[in-house]
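S.K.: Output the structure for:
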Amino acid sequence: MSEAPATFSPLGIRAMIILIIWGALLWASGVLILRWLVSIDALHGTPQIMAYALVVAGTIPLIPLTPRLAGLPPGETVSAIAVVSMTALLIDGIVIGYFPALYSAEPAQARACAGALLWAVGVALALGFAMQPRAR
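M.R.: Numbering: from 1, shown residues only. Reported below is the predicted structural model:
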C-alpha cells in the first residue's frame, strides 16, 4: 500500500510564532524607514521610484533568512514568507484604517506609507516564489 506524497507540510506552532514576531518586527522597521522618508519628502515622484527599487534590493537577503530564523527547510520559503506577509498586511490594514497618524499626520502621506508597505509585501511574496529552491 503506497501513500500519496505529502504536498503540504504544516508549520509547527514554534515556527508560526517566530514568523509572526518576525513579520511584526519587519513591519515596524518598515514604518520607521517610511516615516523617515516622509520627513525628507521622498515618497512621491522620482524619490518614490528609487525607494520602491530599494525595497527590492533590501528584501532579497531577507528571503532565505526568514525560513532559517523559524528553523524551517528552504523548501518552506514560500510558506514562511506568506506568514510574515500576512502579519504585516494585517497590521497595516488595522493601522491605515484606525490609526493612520502612526504613518503620518498628513492623510496623503499616510496612504503613501501604507502603499509602500503593500508594495514591500508584494515584492516579498514574488521573491519568495522566485527564490524558493525547486524540488528535484
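S.K.: Show me the longest helix that occurs in this structure.
M.R.: helix 13-39 (DSSP state H).
S.K.: and the next element down the chain from it?
M.R.: Heading C-terminal from helix 13-39, the first helix or strand you meet, by DSSP states H and E, is helix 45-59.
S.K.: so what does that following helix touch, helix or strand wise?
M.R.: Packing contacts for helix 45-59, counted by 3 or more CB pairs under 8 Å, 6 or more residues apart in numbering; DSSP states H and E, involve helix 107-131. Bear in mind the C-beta positions are built from the backbone N, C-alpha and C, glycine included.
S.K.: Pull out the buried positions in the helix it packs on.
M.R.: 109-110, 112-117, 120-121, 123-125, 127-128 (16 or more other CB atoms under 10 Å).
S.K.: ok, now how distant is residue 106 from residue 43?
M.R.: Applying CB to CB, to the nearest Å, the value for residue 106 to residue 43 is 10 Å.
S.K.: higher neighbour count, the two?
M.R.: Neighbour comparison, residue 106 and residue 43: the larger count goes to residue 43, with 22 against 13 (by other CB atoms under 10 Å).
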